[in-house]
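# Mind looking at a prediction? Sequence and model below.
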Amino acid sequence: MTTTTLAAFRAAVATGPQRPMLVYFDSVVTYGDVDRMSDAFAAALTDRGFRRGDRIALYLQNIPQYVIALLAAWKVGAIAVAINPMLTPREVSKLLDDSSPSVLVALDELHTPELAEVLNNSTVRWVITTSASDRQAADDFMRLTTQYDGSVPTGPDVSEDDVAVITYTSGTTGAPKGAMNTHRNVATGGYAYRDWFELGDHDVVLGVAPLFHVTGLTGHIACTIVAGASLVLTYRFDLHSLVDVIRRRKPTFTVGAITVFIALANAEEVRPGDLTTLTKIASGGAPVAPATADGFHDRFGVYIHNVYGMTETTSPVLAVPLGARAPVSAETGALSVGVPMRSARVAVLDEHGTPLSAGQLGELAVAGSQIVPGYWHNQAATQAAMRDGWLLTGDIGYADDDGWYYLVDRKKDMIVASGYKVWPREVEDVLYTHAAVLEAAVVGKPDPYRGETVKAFVSLRPGQAADPDELVDYCRSRMAAYKYPREVEIVGVIPKTATGKILRRNLRSGET
């Protein structure tokens, strides 16, 4: 087993250069093509003085150039900085200030006058634009790969402990922090997906997660490379395009936010037979309600396997084994997020850091070769998150006697109503069992008598109807008196991050 994703890529090129690696709508790029193009782009970087340890920011959607630029950065020993293409120039400026890249690769449509102004006040000295379509004439990236075609970079080989990517946390509870995902971390995540879901060079990975996110990094790019598989990209999530690609390219594995699978399950244009080849599905980043998993399986005959991980764990640490179904907690009604994956050690700790026994509620802590060494230039945040080699996740949960782990909720999202603890996820899972509910999100609302009260935001399925009082009564009949929501607000869309995490702070502040 190779120790870096770059070494695994070179091995895959050596054994099958003509195998398809990247499929983007009607274009297919082989392993040999990706190797040649990333060599050329790496040589171009070197020619402009780009060196080991320098940072290159990637401000791109899910297109082949993302993977090629990432591999090129690694070939010169550099660090990629993954930037969410949905961020505004003002938000991008904060990440550039934090990571100090000297090169930015950006979609041409994102290279706006506002971004140019931000770049003038940054460390970026070279902007390379690229297109999501076939507009080759105005594509700096493609011109460089053509100009330097045949060149081989002479940079030093990366080591396991070198930082591969600075991946920013979602910032759902505060300012984003730059997690330093090392080459060991990324490779470990890729192999974990490969081995857990039994992937090989015959598999086709469907890229529904954003590549800038840690799930896209390990669950799409790294696992594709270490398995020698091919990766199907569709620019960004669009239901019509996704269905078309599934029908034509017949993917076998994917991992993504549960919102993707909710959209598929509720789309009239999707036929049960469309997912015949997609037999291995995983979902992480947001809770999977039992009713959602059951409904998807009833329609398509495919089970959604829970996967648990974080940016700081370089994605997967817990997962439901292939072929198994997650048990449901008798206490909360939540699906288990799985058992520890390859090389991961998981514990439940009390507030003093003492390990707890099965059934006891505490904070999940994780250790292993996929855990980042810390945050980029943020020692205070690193010290707060790490304790004696363990990463404190901020997630509250427990393990049962059989080693299955259950999440209750985020530590910071707990609601205290009249002195009682209420976990939003438990209320959301009850709401998901209502036939009219498409998505649900629960937050605490200040209350002069109870301290906090429970409020739910709900979006409805197309063609379904329900009023707030009906949903309050539905929960009241199924939950303890202190848990059920006293207020339900019907909204068109639940606000989420690009990776499907609910933006509870937006709901608390009224930004729906």
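Noted; the coordinates are in hand.

# Was I right to think G53 contacts S100?
No - the pair G53 / S100 is not scored as a contact, 11.1 Å apart, by C-beta atoms under 8 Å. Bear in mind the C-beta positions are built from the backbone N, C-alpha and C, glycine included.

# More neighbours: which of the two?
Neighbours per residue (other C-beta atoms under 10 Å) separate G53 from S100, with S100 holding more: 15 against 11.

# Verify the contact between that one and V81 for me.
No - with contact defined as C-beta under 8 Å, S100 does not count as touching V81 (9.1 Å).

# hey, what's in contact with both of these two?
R55 (C-beta atoms under 8 Å, 6 or more residues apart in numbering).

# Pull the contacting residues for T15.
G228.

# Check it and give its pLDDT.
Here, the pLDDT recorded for T15 equals 96.

# cool, and M1?
63.

# Identify the residue spatially nearest to L275, adjacent ones excluded.
In space, L275 comes closest to F300 once its chain neighbours are excluded; the distance is 4.6 Å by C-beta to C-beta, 6 or more residues apart in numbering.

# What number of neighbouring residues does the one you found come out with?
Neighbour tally, F300, other C-beta under 10 Å: 21.

# pretty sure it is in contact with A267, am I right?
No - with contact defined as C-beta under 8 Å, F300 does not reach A267; the gap is 11.5 Å.

# What separation do you get for S241 and E269?
12 Å (C-beta to C-beta, to the nearest Å).

# V437 bridge partners, please.
Counting by DSSP bridges, V437 forms beta bridges with L460.

# Other residues contacting the helix or strand hosting E489?
Using DSSP states H and E, E489 sits in strand 487-490. Under the contact criterion C-beta under 8 Å, 6+ apart, strand 487-490 has outside partners 445, 453-460, 466-469, 471-472, 512.

# tell me which of those is nearest to E91?
Checking the contacts of strand 487-490 against E91 with C-beta to C-beta, the nearest one is T512 at 19.9 Å.

# give me the low-pLDDT residue ranges for the chain?
1-2, 134-138, 170-175, 409-411, 418-421, 448-449, 451, 498-500, 511-512 (pLDDT under 70).

# From what I see, V372 and S315 are in contact.
No - judged on C-beta under 8 Å, V372 makes no contact with S315 at a distance of 11.2 Å.

# Same drill for the two, tell me which one is more crowded.
Using other C-beta under 10 Å as the criterion, V372 and S315 rank with S315 on top: 34 against 25.

# Tell me the bridge partners for I304.
Counting by DSSP bridges, the residues bridging with I304 are I281.

# circling back to that earlier point, higher neighbour count, S241 and E269?
Neighbours of S241 and E269, each counted by other C-beta under 10 Å, are more numerous for S241; the result is 13 against 10.

# Assign the more buried one to helix, strand or coil.
helix (DSSP: H, G, I helix; E, B strand; the rest coil).

# ok, now which ones touch it?
Taking C-beta under 8 Å, 6+ apart, one finds 234-235 in contact with S241.

# Now do the contacts for the residue positioned nearest the centre of the chain.
When the chain is reduced to its mean C-alpha position, the closest residue under C-alpha atoms, centre = their mean turns out to be T215, at 3.5 Å. T215 sits next to 209, 255-256, 284-285, 309, 315, 499 when contact means C-beta under 8 Å, 6+ apart.
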